[in-house]
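Undergrad: Provided below are the primary sequence and the corresponding predicted coordinates.
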Amino acid sequence: MSDVLLGGADRKLVLRSLPLVVEPRRRDERPPPCRSCYGASWWNGWRVTYPVVALSPGELTRLELPLPRARCSCCHVGFTCYPAGFYPRRQYQLDVVADAVAAVAVGGESVADAAATHATSATSVRRWSRWIAALADGAALHAIASEIDPSTAAVATATQRSRTAAVLGALEVLGATLVRVGVAVVERTGLGRVLGWQHRAHGVAVALVAGPTRLSPAMAPGGRPLTR
């Protein structure tokens, strides 16, 4: 799914502005069990994607990333196997999204400047900002962090300039809490860590749409994440 809404020559200019790194095909000897029925599965080809990643703020790279496809031998459902750190149905990966939105919501940059820095469109930055603001309630995220790790103290902070900034800040707290209790993450930002962990541990992938978000069972109040 593309997050660049430019068309024609403008769209090509955005895509060509990033270096392209071609990744080799990698997959385990056997695919994982089916997430629907837990039946054994078999490899069923490849799907080539072109995600935009950021190993550090402002350093963007475009990958040609082949993803292995598998099919369940019992229910015959097909699925894609994502490597750690890559989120499904996203061209611009979560750390890139978090960096671009934080530049505006926290850093005070203009939408146009943040879009140019992150090789995307102003439309995408605005849409990402609305998406993060609607993702969850900041107070609820802080409460989950405290429940996962009671040593997470509520620290008084200045009032955030927007709901988007408040949610980003709460995601950073929750992401750091997951790392502290032993959850293995490869993402750099709170947004990437929280949503990436939900996807890997529970198969929950949040679409880029506004509206209430359901937390995975271990993230909901009363749950506790597995350390994996």
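TA: Thanks, I have the structure now.

Undergrad: low-confidence stretches in the chain?
TA: For the chain, applying pLDDT under 70 flags the ranges 1-17, 153-160, 208-228.

Undergrad: mind naming the longest helix for it?
TA: What stands out as the longest helix in the chain, according to DSSP state H, is helix 163-180.

Undergrad: for that one, name the packing helices and strands.
TA: Applying 3 or more Cβ pairs under 8 Å, 6 or more residues apart in numbering; DSSP states H and E, one finds that helix 163-180 contacts helix 94-105, helix 122-133, helix 138-148, helix 190-202. From N, CA and C alone the C-beta is placed, and that goes for glycine too.

Undergrad: what would the ones you listed look like in a markdown table with mean neighbour count?
TA: Shown next, in a markdown table, are those (neighbours: other Cβ atoms under 10 Å):
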| stretch | mean neighbour count |
| --- | --- |
| helix 94-105 | 25 |
| helix 122-133 | 20 |
| helix 138-148 | 19 |
| helix 190-202 | 23 |
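
Undergrad: now the ones you listed in CSV, with distance to Arg180?
TA: Formatted as CSV, the helices and strands packed on helix 163-180 follow (distance: least, Cβ to Cβ, whole Å):
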stretch, distance to Arg180
helix 94-105, 19
helix 122-133, 23
helix 138-148, 9
helix 190-202, 11
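
Undergrad: quick one: closest of the ones you listed to Cys37.
TA: Comparison of those against Cys37 by Cβ to Cβ identifies helix 190-202 as nearest, at 16.2 Å.

Undergrad: quick check: angle from the closest one to helix 138-148?
TA: 60 degrees (axes from the mean of the first three to the mean of the last three Cα atoms, to 10 degrees).

Undergrad: check which helices and strands helix 190-202 is in contact with.
TA: helix 94-105, helix 163-180.

Undergrad: take the ones you listed and lay them out in JSON lines including distance to Ala136.
TA: Formatted as JSON lines, those follow (distance: least, Cβ to Cβ, whole Å):
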{"stretch": "helix 94-105", "distance to Ala136": "14"}
{"stretch": "helix 163-180", "distance to Ala136": "6"}
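
Undergrad: and the ones you listed: which comes nearest Ala70?
TA: helix 94-105 (23.4 Å).

Undergrad: name the surrounding residues that touch that closest one.
TA: For helix 94-105, the surrounding residues in contact (Cβ atoms under 8 Å, 6 or more residues apart in numbering) are 52-54, 57-58, 60, 87, 90, 92, 109-111, 113-115, 117-118, 120, 124-125, 128-129, 132, 161-162, 164-165, 168, 171, 187-192, 195-196.

Undergrad: and those, which are buried?
TA: Among the contacts of helix 94-105, the ones that count as buried by 16 or more other Cβ atoms under 10 Å are 52-54, 57, 60, 87, 90, 92, 109, 111, 114-115, 117-118, 120, 124-125, 128-129, 132, 164-165, 168, 171, 187-192, 195-196.
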